[in-house]
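Visitor: quick one, structure for this:
(4 chains)
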Protein chains: 2
Amino acid sequence: MAQPIRFRQAPSPLKASCQQCSLSNLCLPLAVQDNDLDSLEDIVQQGRMYDRGEHIFDQSTPFRSCFAVKSGSVKTSIITEGGEEQVTGFFMPGELVGLDSMSGEFYACTAKALERTSVCEFPIEKLEELTGKLPDLQHHMYRLMSQEIQNSHQLAMLLSKNTAEERIAALLLSLSSRFQRRRMSPTNFSLPMARNDIANFLGLAVETVSRVFTRFQNQGLIRARGREVELLDVEALQLVTREFSRQNCQH
Amino acid sequence: MAQPIRFRQAPSPLKASCQQCSLSNLCLPLAVQDNDLDSLEDIVQQGRMYDRGEHIFDQSTPFRSCFAVKSGSVKTSIITEGGEEQVTGFFMPGELVGLDSMSGEFYACTAKALERTSVCEFPIEKLEELTGKLPDLQHHMYRLMSQEIQNSHQLAMLLSKNTAEERIAALLLSLSSRFQRRRMSPTNFSLPMARNDIANFLGLAVETVSRVFTRFQNQGLIRARGREVELLDVEALQLVTREFSRQNCQH
DNA sequence: CGTCCGAATTGATGCAAATCAAAGGATCAC
DNA sequence: GTGATCCTTTGATTTGCATCAATTCGGACG
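Guide: Below is the predicted model of the structure:
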């Protein structure tokens, strides 16, 4: 009697159990009916753990899979021939990494664990096959990719139109709402990335990021010590991000 | 005898004929087998003509369809509450507009004809249904969306790391290769967009764009009068775009 | 517990591009 | 053809942020 139960809980060390995963309402499983969840579990592979700083893939890795962050967090960046880096995104548990790589033989970016991180792996061939059978899952993939395009457009907008303060306020608020959706405090969290990564992502110098943090702190908007951040006045931060558009409103 | 021939050429005023379209090797049809082309033609609708400046859709339009540019060209932009505009892309014949809008009820951007433009319309529900049946078409959709993410990341990179000259050289070269793929001269073309749109897209002031154009002209890289542009020294322009990465290469 | 090295902060200076201002050019309507 | 309007170019000035330089902080590790 003990046997079958153990078997149900861990049918295979490589097979992930979406059923029991606390992220199932943030991740791909949210798109599929309960009775189709098995087929998603059939293709997903439990990935290994990555230490802080380890590469999950880089631009010389043949593209085979998308990865869902299970715990920890991931930074993606493009590295040019000249060694120049552009951070393109930060990914938190439940988010899917690799959607920008589905049009080429190799990954279009490099993915690095920002802290000790585990992932689930979705082999792309099997995933495509499955989305062909499950319209809801296909629809969800389209949504995710579309959202990724929108995010990137938002970033471009931030980079081309907004001041350093506006960019950083926007990032803090984005992180805040993403922590909140994961049932963590929206006002009290630990930044997974270094100042350097923030600077690179937002198109700023590290020194500027540092200065804005202290300015926000002096204004009583946040409290920051190292990577620990507390948002003291969310509304004021929202005002900062909107300042720009309001100032330019003609009325 | 005349009747059936007329009927084959124009079976219905609303139904497009991908078979006879010169863009079929750039557009969605390139992904499907000849014998499946019918089913694609069944769902595509011949859109109407748009005059320069006309909106194809805007951010208050319920999202129903993606559009392939048939002739002319299209500009997409996000318009914020404050009326601020961020140009997110320029689309040429064969390219698909609306992929960024598949995750919401309304279009995520505003699409405007830059010149007299015609489009083909792909109702999204029917398109999703069809991609569920045709794995090649589904794969192609994933590729297109992925490419769009990459393009947007490239833009973000350009905006955050490159000088005005580098940005404009990159845009000119991008347009050049896109004209070339459409069997038009890669060195001698007419810009579909105004200086203002270029400036907005690249995160610059109009004046800066104008200045860089004259600087390039004085250096003998291009010849520009109004929207007519001739690339005189493509290699030098490529050097300008790479200058940045080379300068920062530590070796 | 002290040492070391990368990360973060703070200050001083310089520059690329924005902004302000104004004059030409092109395009359209009438 | 002739204004009117918008688009583009050119020049003068300002400015936000990068860059350079120098501490200070903090965590890893013997």
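Visitor: residue nearest the middle of chain A, spatially speaking?
Guide: With distances taken as C-alpha atoms, centre = their mean, the residue of chain A nearest its centroid is A:Phe91 (1.6 Å).
Visitor: that residue touches A:Lys70, doesn't it?
Guide: No. Counting by C-beta atoms under 8 Å, A:Lys70 is not a contact partner of A:Phe91; they are 11.0 Å apart. For glycine as for every other residue, the C-beta is placed from the backbone atoms N, C-alpha and C.
Visitor: just grab the bridge partners of the residue nearest to the centre of chain A for me.
Guide: With beta bridges defined as DSSP bridges, A:Phe91 has these partners: A:Val74.
Visitor: how near is it to DNA strand C?
Guide: Distance, A:Phe91 to DNA strand C, by C-beta to the nearest atom of the strand, to the nearest Å: 19 Å.
Visitor: which ones are touching that residue?
Guide: A:Phe91 sits next to A:69, A:73-76, A:97 when contact means C-beta atoms under 8 Å, 6 or more residues apart in numbering or on different chains.
Visitor: longest helix of chain A?
Guide: What stands out as the longest helix in chain A, according to DSSP state H, is helix A:135-161.
Visitor: okay, now the residue in the stretch 1-150 of chain A that chain B sits nearest to: neighbour count?
Guide: Nearest residue of the stretch 1-150 of chain A to chain B (C-beta to the nearest C-beta) works out as A:Gly82 at 2.8 Å. By the measure other C-beta atoms under 10 Å in any protein chain shown, the count of residues near A:Gly82 is 16.
Visitor: for it, give me the backbone phi and psi.
Guide: The phi/psi pair for A:Gly82 (degrees, to the nearest 10) reads phi -80, psi 0.
Visitor: try A:Leu204
Guide: Main-chain dihedrals, A:Leu204, degrees, to the nearest 10: phi -130, psi 170.
Visitor: so what pLDDT did A:Ser17 get?
Guide: pLDDT recorded at A:Ser17 is 78.
Visitor: name the element the nearest residue in space to it that is not next to it in sequence belongs to?
Guide: Using C-beta to C-beta, 6 or more residues apart in numbering or on different chains and skipping the chain neighbours, the partner closest in space to A:Ser17 is A:Glu41 (6.6 Å). Following DSSP states H and E, one finds A:Glu41 within helix A:37-43.
Visitor: ok, back up a step: okay, now the residue nearest to A:Ser17: neighbour count?
Guide: A:Glu41, neighbours per other C-beta under 10 Å, totals 17.
Visitor: can you check the pLDDT for it?
Guide: Per-residue confidence (pLDDT) for A:Glu41: 92.
Visitor: okay, it and B:Leu232: tell me how far apart.
Guide: Separation of A:Glu41 from B:Leu232 (C-beta to C-beta, to the nearest Å): 59 Å.
Visitor: again with A:Asp233
Guide: Applying C-beta to C-beta, the value for A:Asp233 to B:Leu232 is 55 Å.
Visitor: and what of A:His140?
Guide: The gap separating A:His140 from B:Leu232 is 49 Å, by C-beta to C-beta.
Visitor: give me the more crowded residue out of the two.
Guide: The residue with more neighbours, out of A:His140 and B:Leu232, is A:His140; 19 against 15, by other C-beta under 10 Å.
Visitor: and for that one, nearest residue in space, chain neighbours not counted?
Guide: Once flanking residues are discounted, A:His140 sits nearest to A:Ala31: 3.3 Å by C-beta to C-beta, 6+ apart.
Visitor: now the helices for the stretch 51-200 of chain A?
Guide: A:124-133, A:135-161, A:164-181, A:195-202 (DSSP state H, counting those that start in this stretch).
Visitor: just checking, what packs against the shortest one?
Guide: Packed against helix A:195-202, as judged by 3 or more C-beta pairs under 8 Å, 6 or more residues apart in numbering or on different chains; DSSP states H and E, are the following elements: strand A:85-91, helix A:135-161, helix A:164-181, helix A:206-218.
Visitor: mind doing that once more with 6 Å?
Guide: Under the contact definition 3 or more C-beta pairs under 6 Å, 6 or more residues apart in numbering or on different chains; DSSP states H and E, helix A:195-202 sits against strand A:85-91, helix A:206-218.
Visitor: looking at those, which is buried most?
Guide: Ranked by mean neighbour count under mean count of other C-beta atoms under 10 Å in any protein chain shown, these are led by strand A:85-91, which reaches a mean of 23.
Visitor: how about the CA coordinates for it, as CSV?
Guide: Provided in CSV are the C-alpha atoms of strand A:85-91 (Å, rounded to 0.1, in the frame of the first residue of the first chain):
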residue,chain,number,x,y,z
GLU,A,85,26.0,43.7,-22.5
GLN,A,86,22.4,44.8,-22.6
VAL,A,87,20.1,43.4,-19.9
THR,A,88,16.8,42.6,-21.5
GLY,A,89,14.8,41.3,-18.6
PHE,A,90,14.4,39.9,-15.1
PHE,A,91,12.3,36.8,-14.5
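Visitor: that one vs DNA strand D: in contact?
Guide: No. Judged by C-beta under 7 Å from any atom of the strand, strand A:85-91 makes no contact with DNA strand D; its nearest approach is 13.0 Å.
Visitor: how far does that strand sit from the chain's center?
Guide: 9 Å (C-alpha atoms, centre = their mean, to the nearest Å).
Visitor: got it, and stretch A:73-84?
Guide: Averaged C-alpha coordinates place stretch A:73-84 at 15 Å from its chain's average position (C-alpha atoms, centre = their mean).
Visitor: now it: mean pLDDT?
Guide: 91.
Visitor: the domain parsing of chain A - what is it?
Guide: Per automatic domain parsing, the structural domains of chain A span A:2-158, A:162-247.
Visitor: CSV for those domains, including distance to B:Lys133?
Guide: Shown next, in CSV, are the domains of chain A (distance: least, C-beta to C-beta, whole Å):
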stretch, distance to B:Lys133
domain A:2-158, 8
domain A:162-247, 34
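Visitor: of these, which approaches B:Arg223 most closely?
Guide: domain A:2-158 (29.7 Å; C-beta to C-beta).
Visitor: report the distance from that closest one to the chain centre.
Guide: Relative to its parent chain, domain A:2-158 has a centroid offset of 10 Å by C-alpha atoms, centre = their mean.
Visitor: A:Asp58: neighbour count?
Guide: Using other C-beta under 10 Å, A:Asp58 has 14 neighbouring residues.
Visitor: show me what contacts the closest residue to it other than its chain neighbours?
Guide: Nearest non-adjacent residue to A:Asp58, counting by C-beta to C-beta, 6+ apart: A:Thr110, 4.1 Å away. By C-beta atoms under 6 Å, 6 or more residues apart in numbering or on different chains, the residues touching A:Thr110 are A:58-59, A:77, A:79.
Visitor: interface residues of chain A facing DNA strand C?
Guide: Proximity of chain A to DNA strand C is confined to A:194-196, A:206-207, A:209-211, A:213-214, A:224, A:226-227 under the rule C-beta under 7 Å from any atom of the strand.
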